[in-house]
Structure formats: C-alpha cells, structure tokens
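Undergrad: sequence isn't available, so here's the structure alone:
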C-alpha cells in the first residue's frame with residue numbers, strides 16, 4: 001500500500017469514522033432520529049464537513065504519487081468526491097429500504113435535503129480552509 005494512503009487513513013479517516021459512529025450507531029441505537037427528526041440536518045452537514053476533510057487530506061497526500069496538485073483543485077476534487085459519496089449513501093439507504101425493509105428514506109424531499117446539507121457542509125469546509133490558508137499566508141508575509 002502506498003505511503004500516502006496509509007498516512008491518509010491514519011491522519012484523516014478517524015474523523016469520518018467517529019462521525020459515522022456517533023450519528024449512525026449511537027443516534028440510531030437511542031432512537032434519536034425518531035425523537036428528534038431535525039437531527040438529520042446537522043448529521044448530514046457534519047458528514048459533509050468530515051468527508052470533504054478526508055478527501056482533501058487524501059488529495060494532498062496523493063501528491064507524492066501523482067505530482068503537484070494545486071490547493072484549489074484539491075478542494076474542488078474533495079467537494080466533488082463528497083457529493084458522489086452523498087449520492088452513493090442515499091442510494092444505499094434506498095437499496096436497504098427495498099431489500100431489507102428498513103425505513104431510512106423518507107421520500108424525495110428527504111433525499112434532496114440530505115444531499116443539500118451534505119454538500120453545504122463540504123462547501124463550508126472548503127471556504128473555511130481557503131480563508132484559513134489566506135490568513136496563514138498573510139501572517140507569513142508579515143513576518144518577512
């Protein structure tokens with residue numbers, strides 16, 4: 001396994017796994033989604049943030065193998081992969097409902113809301129990261 005993949009798994013995979021565990025396992029086990037239906041929005045927003053962080057970290061680490069990737073391209077790639085992950089997640093919810101008889105999907109509005117808030121979380125992460133990088137660059141210029 002290439003070194004950059006191991007480093008991505010060690011450095012960034014813990015965050016999405018933690019969010020998945022907290023929101024999916026704990027919240028489902030305690031029936032929190034039934035008690036608090038609005039919990040769905042922060043769940044997807046947080047998932048968008050951490051999945052985008054994971055993919056951004058992977059893109060940065062992949063530079064060892066594929067060469068230099070500009071930060072803007074890394075962020076856009078991460079956001080695009082986050083959207084694909086969100087669509088796959090929603091398709092798996094639907095497949096689970098159809099094949100296993102679960103009730104995770106609550107219609108088109110629920111699916112679109114899930115996709116929207118996941119992408120919004122990812123976009124907020126990208127904007128925050130861009131702003132933070134600009135502040136670091138400005139601070140470095142002031143030091144010189």
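TA: Arrived safely, thanks for sending. Note that this is a predicted model, so its numbers are computed, not measured.
Undergrad: mind checking the SS state of residue 69?
TA: At residue 69 the chain is in coil, as set by DSSP: H, G, I helix; E, B strand; the rest coil.
Undergrad: how far off centre is the biggest helix by length in the chain?
TA: Using DSSP state H to define each element, the chain has its longest helix at helix 108-143. Here the centre of helix 108-143 is set off from its chain's centre by 11 Å, with Cα atoms, centre = their mean, to the nearest Å.
Undergrad: tell me which other helices or strands that helix touches.
TA: In terms of contacts (3 or more Cβ pairs under 8 Å, 6 or more residues apart in numbering; DSSP states H and E), helix 108-143 is packed against helix 40-61, helix 71-100. Heads up, the C-betas are built off the backbone N, CA and C, glycines and all.
Undergrad: possible to save the ones you listed as CSV with distance to residue 22?
TA: Formatted as CSV, those follow (distance: least, Cβ to Cβ, whole Å):
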stretch, distance to residue 22
helix 40-61, 9
helix 71-100, 16
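Undergrad: and of these, who's closest to residue 116?
TA: helix 40-61 (8.1 Å; Cβ to Cβ).
Undergrad: what pLDDT, on average, does stretch 66-82 get?
TA: Stretch 66-82 carries an average pLDDT of 94.
Undergrad: most packed of the helices and strands packed on helix 108-143?
TA: Ranked by mean neighbour count, the helices and strands packed on helix 108-143 are led by helix 40-61 with a mean of 21 (mean count of other Cβ atoms under 10 Å).
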